[in-house]
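A.B. asks: Okay, sequence plus prediction incoming.
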Amino acid sequence: MTTRSRQPSTGVYVDAPAIHRERLSPQQIAGHSCCWCGATPDPQYPVPILHGATLLACDPCASMYGVPAVDADR
């Protein structure tokens, strides 16, 4: 069975704080910490909004801001 990656639909991240590349740490840009709070991220919650950055959300932020889960095995 093949699983397709889902792109965020319109309206996702509406209540999330804006993400500005110049305000992110190198760890956040590389996906080693949550793009919003800096906690340990979960690879099943990618935040594909900045080109050239591997942004990920932690479980609490993903839940709070509506980040859809994808397969971590992609």
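C.D. replies: Structure received.
A.B. asks: Verify the stated contact: residue 12 with residue 67.
C.D. replies: Yes: if you go by C-beta atoms under 8 Å, residue 12 and residue 67 touch, sitting 7.3 Å apart. C-beta here means a position set from N, CA and C on the backbone, and glycine is covered the same way.
A.B. asks: between the two, who's got more neighbours?
C.D. replies: Legend: neighbour count by other C-beta atoms under 10 Å for residue 12 and residue 67, higher for residue 67 (26 against 15).
A.B. asks: Work out for me the element the more buried one sits within.
C.D. replies: If you go by DSSP states H and E, residue 67 is not part of any helix or strand.
A.B. asks: Confirm for me that it is in contact with residue 15.
C.D. replies: No: with contact defined as C-beta under 8 Å, residue 67 and residue 15 do not form a contacting pair (11.5 Å).
A.B. asks: Endpoint to endpoint, stretch 14-21 covers what distance?
C.D. replies: In stretch 14-21, first residue to last residue: 18 Å (C-alpha to C-alpha, to the nearest Å).
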